[in-house]
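Q: Just a sequence and a predicted model for now, questions to come.
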Amino acid sequence: MVALGCDHGGYELMKEVISYLEERNIPYINFGTDSEASCDYPVFAKQVGTEVAKGKCEFGILICGTGIGISIAANKIKGVRAALCHDCFSAQATRLHNNANILALGGRVVGSGLAIKIVDIFLNTPFSGEERHSRRIAQIEEL
Ligand code: RB5
């Protein structure tokens, strides 16, 4: 299950992400927003972050205009490892090394073609499980 959340800056791109998920029968919960009306991204970061931190959803995808505000907000929630990725290498590396559980994107930064490729890599790359990465993630959780 994938938890989705965006503000008005991510609304257009989120529609593309939803199409990607539906075409592949990947289940999701969409916490909104559901229009281009101006809204506050921390609200959606909190809803998606809580869902993921509680283990109700394996992954989350958060989109605001830049991806910055919404990832900062989500990372305030213990257990959330939100990674802002605008390239394929980072999307792969953050799964392999950080076991990131939320992908953040900037709807005003990347085109939908690249964004969907990033989503695809993020959702399909397993954590490496290597000891040094697990150790570092545990250190993050203790901060
Ligand atoms: C909204 O205008 C914009 O500030 C927001 O989408 C995001 O980019 C914040 O980091």
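A: Nice, thanks for sending it over. Numbers count the residues shown, from 1 in each chain.
Q: what sits opposite the spatially most central residue of the chain in the beta ladder?
A: The centroid of the chain falls nearest to Leu103 when counting by C-alpha atoms, centre = their mean (2.2 Å). Beta-bridge pairing of Leu103 under DSSP bridges involves Ile61, Ala83.
Q: Now do the contacts for it.
A: The neighbours of Leu103, taking C-beta atoms under 8 Å, 6 or more residues apart in numbering as the test, are 59-62, 82-83, 85, 91, 118-119, 122. C-beta here means a position set from N, CA and C on the backbone, and glycine is covered the same way.
Q: Most neighbours of all those residues, which one?
A: Tallying neighbours with other C-beta atoms under 10 Å puts Leu62 at the head of the contacts of Leu103, with 32 neighbours.
Q: thinking that residue is in contact with Gly107, fair?
A: No: using C-beta atoms under 8 Å, Leu62 makes no contact with Gly107, being 10.5 Å away.
Q: In stretch 116-128, which of the residues would be classed as buried?
A: 116, 118-119, 121-123, 127 (16 or more other C-beta atoms under 10 Å).
Q: how far away is the closest residue to Leu13 other than its chain neighbours from the ligand?
A: Nearest residue to Leu13, sequence neighbours excluded (C-beta to C-beta, 6 or more residues apart in numbering): Gly107, at 3.9 Å. Applying C-beta to the nearest ligand atom, to the nearest Å, the value for Gly107 to the ligand is 7 Å.
Q: can you tell me which residues contact the residue of the chain found nearest the ligand?
A: In the chain, the residue that lies nearest the ligand is Gly69 (2.5 Å; C-beta to the nearest ligand atom). Residues in contact with Gly69, defined by C-beta under 8 Å, 6+ apart, are 41-42.
Q: ok so, going back, overlap of the contact sets of Leu62 and Gly107?
A: 6, 10.
Q: what does this structure put close to the ligand?
A: Contact residues, the chain versus the ligand (C-beta under 6 Å from any ligand atom): 7, 9, 41, 64-66, 68-69.
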